[in-house]
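A.B. asks: what shape does this take:
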Amino acid sequence: MVVPSDDWLSEPAAAQESRPSRVAWDDDEVPLSEKAVEGSGKLTAFINQLGLLLPRYLSLVLLVVVTAMAAAIVWFTLGMAGGFVVVGAVAAACGGWVLVTGRASWGRLPSRSSGAIVLTVGVLLSVLGWTGLRWGEVSSNDSLTPAPAATLPSPTPTPPPPRAPLGTGELHAESDTDVSDEGSARSAAALAALGTLEVREWAPRNSFDRIAHFGESWPDVDGNGCSTREDILARDLRDQRREDPCVLLSGVLDDPFTGATLEFYRGADTSFAVQVDHVVALSNAWRTGAQQLSFDDRLRFANDPRNLLAVDGEANLQKSDSDAAEWLPPNELFRCEYVILQIEVKAAYGLWVTPDERAAMELVLDNCDLLAEPPAPSAAGAPSSSQRP
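C.D. replies: All right, here's what the predicted structure looks like:
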């Protein structure tokens, strides 16, 4: 039997009967209602559990939120491939930390085996995203399937003029003296034109999209019935064999990028060996002023014969969307011509150059006379090593 306290006993009986019962909240006291017991117990348990889980998984929540925000920003500027790179890098970092230290990372990974799995997935995502970024411009540079015909204002109904042999650029002439004079004049003119180009840093990619911003690949912009790609192959290849005026079956390319001689054969597994390169890459143009051009001007830029060359496919993959500061043709004899073409195209469309790009172009142009000089004979009256059979 429970004995009441002294205060309770000292109260009159009537007061004891009218005194409201107390609801106790301590564990050793009994509440009046089982419903109150059940409700207070659930609320207390929920608060206790939340208090334990929130600090434990707060890092995971923050990691997910920050990663999602970063991936969204990069996705918007660089596309889906950029988002893959961000997510993959974060996953690889978390997985690598757990695998090396055996301690849970911000991702709350419970074991080294789970860390290894997350690390592998993160690396694969990063590689996939990076490959997508590098191939984005390459795929826009060369397409084997002609697009439907498109019409530009004031089209030129004539095919592009034949280009001179491109071993040492368009500096060929009848004599070595003429080559040197013409080379000096063109490099000097290009250097002067370079001085007129605005110098700025890269603009954001802003969700660059080849088709949306520059039109379908290789339309028939000049109305001659052939795609732009076929026009360039017809201009740059020799010893051509054709099925019809717009279908080249085979030919030989004196590749300007490598200096090698390539045989072209049309086919699903062989056509890719010879690609049509944008001398000023489309994404490079997009980030150096083309965003301010009209769609018609960008379409004209993407199909301008001055900005297009048939080249070795592997070399084109290596170039991707690089500028002159990041990549130059392996064939040093073509570097002057390559830089001159880039300057002419950028000047024609009002594009700018970056500080590093301008410095690289100036360096090449300053050495054009040396590159244009013919090789010295190896002995009196004997052909040079490059002329020997």
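A.B. asks: how about residue 361, secondary structure?
C.D. replies: helix (DSSP: H, G, I helix; E, B strand; the rest coil).
A.B. asks: go ahead and confirm it touches residue 342.
C.D. replies: Yes. Under the criterion of Cβ atoms under 8 Å, residue 361 makes contact with residue 342 at 7.2 Å. Where C-beta positions appear, they are placed from N, C-alpha and C, glycine not excepted.
A.B. asks: now for these two: what residues contact both?
C.D. replies: Applying Cβ atoms under 8 Å, 6 or more residues apart in numbering, one finds that residue 361 and residue 342 are jointly contacted by residue 324.
A.B. asks: output the contacting helices and strands for the one helix or strand residue 212 maps to.
C.D. replies: Counting by DSSP states H and E, the element that carries residue 212 is helix 210-214. Here helix 210-214 is seen to pack against helix 112-141, helix 282-286, helix 295-302 when contacts are counted using 3 or more Cβ pairs under 8 Å, 6 or more residues apart in numbering; DSSP states H and E.
A.B. asks: mind telling me which of those the model trusts least?
C.D. replies: In terms of mean pLDDT, the lowest-scoring of the helices and strands packed on helix 210-214 is helix 112-141 (a mean of 67).
A.B. asks: state the phi and psi torsions of the residue nearest to residue 246 when sequence neighbours are not counted.
C.D. replies: For residue 246, the nearest residue in space outside its immediate sequence neighbours is residue 226; the separation is 3.8 Å by Cβ to Cβ, 6 or more residues apart in numbering. With angles defined as degrees, to the nearest 10, residue 226 sits at phi -120, psi 150.
A.B. asks: and residue 226, how far is that from residue 263?
C.D. replies: Distance from residue 226 to residue 263, counting by Cβ to Cβ, to the nearest Å: 21 Å.
A.B. asks: settle it for me: which of those two has more neighbours?
C.D. replies: Counted by other Cβ atoms under 10 Å, residue 226 and residue 263 do not tie: residue 226 has more neighbours, with 21 against 13.
A.B. asks: quick check, pLDDT for that one.
C.D. replies: In this prediction, residue 226 carries a pLDDT score of 95.
A.B. asks: dump the residue contacts of it.
C.D. replies: Shown in contact with residue 226 (Cβ under 8 Å, 6+ apart): 159, 220, 234, 245-246.
A.B. asks: now render those residues as JSON lines, adding neighbour count and secondary structure.
C.D. replies: As requested, the contacts of residue 226 are exported to JSON lines (neighbours: other Cβ atoms under 10 Å; DSSP: H, G, I helix; E, B strand; the rest coil):
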{"residue": "159", "neighbour count": "16", "secondary structure": "coil"}
{"residue": "220", "neighbour count": "21", "secondary structure": "coil"}
{"residue": "234", "neighbour count": "19", "secondary structure": "helix"}
{"residue": "245", "neighbour count": "12", "secondary structure": "coil"}
{"residue": "246", "neighbour count": "17", "secondary structure": "coil"}
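A.B. asks: buried residues in stretch 355-369?
C.D. replies: 357-358, 360-362, 364-365, 368 (16 or more other Cβ atoms under 10 Å).
A.B. asks: and stretch 213-224, by the same measure?
C.D. replies: For stretch 213-224, a neighbour-count test (16+ other Cβ under 10 Å) marks 213-222, 224 as buried.
A.B. asks: of these, closest to residue 347?
C.D. replies: The shortest gap between residue 347 and any of the buried residues of stretch 213-224 belongs to residue 214, at 19.2 Å (Cβ to Cβ).
A.B. asks: which residues sit in contact with that closest one?
C.D. replies: Counting by Cβ under 8 Å, 6+ apart, residue 214 makes contact with 140, 282, 298-299, 301-302.
A.B. asks: tell me, how many residues neighbour the residue lying closest to it once chain neighbours are set aside?
C.D. replies: Distance criterion Cβ to Cβ, 6+ apart; nearest residue to residue 214, sequence neighbours excluded, is residue 302 at 4.2 Å. The burial metric for residue 302, expressed as a neighbour count using other Cβ under 10 Å, is 25.
A.B. asks: again with the one 4 residues further on
C.D. replies: Here the neighbour count serves as a burial measure; for residue 306 (other Cβ under 10 Å) it reads 13.
A.B. asks: that one contacts residue 345, correct?
C.D. replies: Yes. Using Cβ under 8 Å, residue 306 and residue 345 qualify as a contacting pair, with a distance of 5.8 Å.
A.B. asks: so this structure: which segments form each domain?
C.D. replies: The chain resolves into domains spanning 34-139, 144-372 when parsed by automatic domain parsing.
A.B. asks: show me the strands in the stretch 101-250 of the chain, by range?
C.D. replies: Taking DSSP state E, counting those that start in this stretch as the test, the strands found in the stretch 101-250 of the chain are 237-244, 247-254.
A.B. asks: can I get those strands in JSON lines including mean pLDDT, distance to residue 87 and mean neighbour count?
C.D. replies: Supplementary listing: the strands of the stretch 101-250 of the chain in JSON lines, determined by pLDDT from 0 to 100; distance: least, Cβ to Cβ, whole Å; neighbours: other Cβ atoms under 10 Å:
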{"stretch": "strand 237-244", "mean pLDDT": "94", "distance to residue 87": "44", "mean neighbour count": "12"}
{"stretch": "strand 247-254", "mean pLDDT": "96", "distance to residue 87": "41", "mean neighbour count": "17"}
